[in-house]
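J.: Return atomic coordinates for the entry below.
(chains A, B and C, ligands or ions: 3)
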Amino acid sequence: MKMIIAIVQDKDSNNLNNAFVEADVRATKLATTGGFLRSGNTTFMIGIEDERVAEVLALIKHASSKRAEYITPPVNVEGQVERTYPVEVEVGGATVFVLPVEQFFHF
Amino acid sequence: MKMIIAIVQDKDSNNLNNAFVEADVRATKLATTGGFLRSGNTTFMIGIEDERVAEVLALIKHASSKRAEYITPPVNVEGQVERTYPVEVEVGGATVFVLPVEQFFHF
Amino acid sequence: MKMIIAIVQDKDSNNLNNAFVEADVRATKLATTGGFLRSGNTTFMIGIEDERVAEVLALIKHASSKRAEYITPPVNVEGQVERTYPVEVEVGGATVFVLPVEQFFHF
Ligand code: NI
Ligand code: NI
Ligand code: NI
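T.: Ligands and ions are numbered 1, 2, ... in the order given. Below you'll find the model as predicted:
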């Protein structure tokens, strides 16, 4: 048994939650008020059997990896919309800790 | 020193809190927004000396074990209350992790 | 890599947060509803490299140690403010756990 703590961006939180549901992974969402550098993040706490750790890590990686997205910023100069070019922005990213568990009980 | 993380049903949360107070066990309640399968749950974080782990586990088990309760559902057919029979429902249940602690400080 | 869990008094929370920012220590604040004996407390969760554990502990100790403060309580007897003497009160205090981390990922 391990405890996995995953801190992901809010925007990836729903997708990850759905992935956990589909995979029958039991996750508890901790209410976290953004540490200074982490505003807009969500923390999941997951208790999982050793043999499923890799699977959970893969779900987290798939749903919330740091990645590039392209947005085309609107530009409006003196009432006229100019053509603009797509700009790459970085979104997502997850910080994940796997903690040892000494004992596990289900009462 | 161990850290015990206990996730219990909301309905058992007050009883468990009171049990901790009586036993002089210091518990911190984490605000958790229900993981998909765990809505209506409360998470306690407890730091405890090794020799008291069994005691804390017993408190959690006593206050929040999965158990049967019998309810007699009211049935009202065409304005008449019919005799009904008690129905068994499952309530409670706790998921508990005991984590190792490498260092502990009280500043 | 270690996970440090620090429970401090609300009144020390901002100072500690600022100290973490200055030192470039990434901390996540857990929303904790006061365990019975811990109302008015804030819980920080910090993931940190082994070689920086002592530094983080020093920051916590500096910002939130139990300490004496002197207050001069106002006394107002029948419309007259009497001279009073400073009274020592204890403020602050931190409970800190250092947990082992088996694996750490940044996706
Ligand atoms: Ni996908
Ligand atoms: Ni009882
Ligand atoms: Ni200072």
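J.: Can you tell me the closest non-neighbouring residue to A:Phe104?
T.: Nearest residue to A:Phe104, sequence neighbours excluded (CB to CB, 6 or more residues apart in numbering or on different chains): A:Met1, at 4.3 Å. Quick note: C-beta positions are derived from backbone N, CA and C, even for glycine.
J.: What is the neighbour count of the nearest residue to A:Pro86 once chain neighbours are set aside?
T.: Among residues not flanking A:Pro86 along the chain, A:Tyr70 sits closest, at 4.1 Å (CB to CB, 6+ apart). Counted with other CB atoms under 10 Å in any protein chain shown, residues neighbouring A:Tyr70 total 9.
J.: Dump the helix or strand harbouring A:Tyr70 to PDB, restricted to CA.
T.: Per DSSP states H and E: A:Tyr70 is located in strand A:67-71. Extracted C-alpha coordinates of strand A:67-71, given in PDB (Å, rounded to 0.1, in the frame of the first residue of the first chain):
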ATOM      1  CA  ARG A  67       2.300  20.800 -22.200                       C
ATOM      2  CA  ALA A  68       2.200  23.500 -24.800                       C
ATOM      3  CA  GLU A  69      -1.000  24.900 -26.000                       C
ATOM      4  CA  TYR A  70      -1.400  27.500 -28.800                       C
ATOM      5  CA  ILE A  71      -3.700  30.400 -28.400                       C
END
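J.: before we move on, back to that, hmm, the residue nearest to A:Pro86 is touching A:Glu88, no?
T.: Yes. Using CB atoms under 8 Å, A:Tyr70 is in contact with A:Glu88, at 5.7 Å.
J.: Look up phi and psi at A:Asn14.
T.: phi -70, psi -40 (degrees, to the nearest 10).
J.: Please tell me how far it sits from chain C.
T.: Per CB to the nearest CB, to the nearest Å, A:Asn14 is found 17 Å from chain C.
J.: ok, how many other residues are close to that residue?
T.: A total of 11 residues lie near A:Asn14 under the criterion other CB under 10 Å.
J.: now chain A, which segments are flagged as low pLDDT?
T.: Scanning chain A for pLDDT under 70 picks out A:33-39, A:75-77, A:79, A:81-83.
J.: which stretches of it form strands?
T.: Using DSSP state E, the strands of chain A run over A:2-9, A:27-30, A:32-33, A:41-48, A:67-71, A:76-77, A:80-81, A:87-91, A:94-100, A:103-106.
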